[in-house]
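Engineer: quick one, fold the following:
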Amino acid sequence: MSTSEEISTSEVADGSAETGTSVEAGAFVETGTWTEIRTLLVTRFGTAPDAVRPEAPLRRLRLDSLALEELRLLIEDRLDVDLEDAVLTSRDTVGRLVEVVHGKVSA
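Structural biologist: Predicted structure coming up:
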């Protein structure tokens, strides 16, 4: 994947995000952020609901660089948050996207 396939999102300075979710342990807790992002992926991008899983890479959801930018703008609008200062690529997972956005929403 090239660097052109990036989505600007928010990331905590040390690279972590305090979210109350645990993708690594397989115990992904549904949050309002998760629900909003899942809804956007399904309704705006035609992603199959069962494909939106925390471990799913964004590229597997067929989100190219333009779609990732559109998703960023939709998330900013829907959650009233500024996501311009961090970067996610299509290699990142849905869970990582949720962690990053939730960390910004909670801040």
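Engineer: measure the nearest residue to I37 once chain neighbours are set aside to V52 for me?
Structural biologist: With sequence-adjacent residues excluded and distances taken as Cβ to Cβ, 6 or more residues apart in numbering, I37 is closest to V98, at 5.7 Å. Where C-beta positions appear, they are placed from N, C-alpha and C, glycine not excepted. Separation of V98 from V52 (Cβ to Cβ, to the nearest Å) stands at 10 Å.
Engineer: so the two - more neighbours on which side?
Structural biologist: Higher neighbour count among V98 and V52: V98, with 26 against 19, using other Cβ atoms under 10 Å.
Engineer: elements contacting the host helix or strand of that one?
Structural biologist: Assigned by DSSP states H and E, V98 belongs to helix 94-106. The contact analysis (3 or more Cβ pairs under 8 Å, 6 or more residues apart in numbering; DSSP states H and E) places helix 94-106 against strand 6-9, helix 32-45, helix 65-79, strand 86-89.
Engineer: buried residues, it. List them.
Structural biologist: Within helix 94-106, the residues that qualify as buried are 94-105, counting by 16 or more other Cβ atoms under 10 Å.
Engineer: that one to helix 65-79, inter-axis angle?
Structural biologist: 40 degrees (axes from the mean of the first three to the mean of the last three Cα atoms, to 10 degrees).
Engineer: Three-state assignment for the spatially closest residue to E76 that is not a sequence neighbour, please.
Structural biologist: Nearest non-adjacent residue to E76, counting by Cβ to Cβ, 6+ apart: L83, 5.3 Å away. Here L83 is recorded as coil under DSSP: H, G, I helix; E, B strand; the rest coil.
Engineer: next one: L63
Structural biologist: Judged by three-state DSSP, the three-state class of L63 is coil.
Engineer: for stretch 79-97, measure first residue to last.
Structural biologist: For stretch 79-97, the separation between the terminal residues is 14 Å (Cα to Cα, to the nearest Å).
Engineer: show me the contacts for A56.
Structural biologist: By Cβ atoms under 8 Å, 6 or more residues apart in numbering, A56 lies in contact with 93-94.
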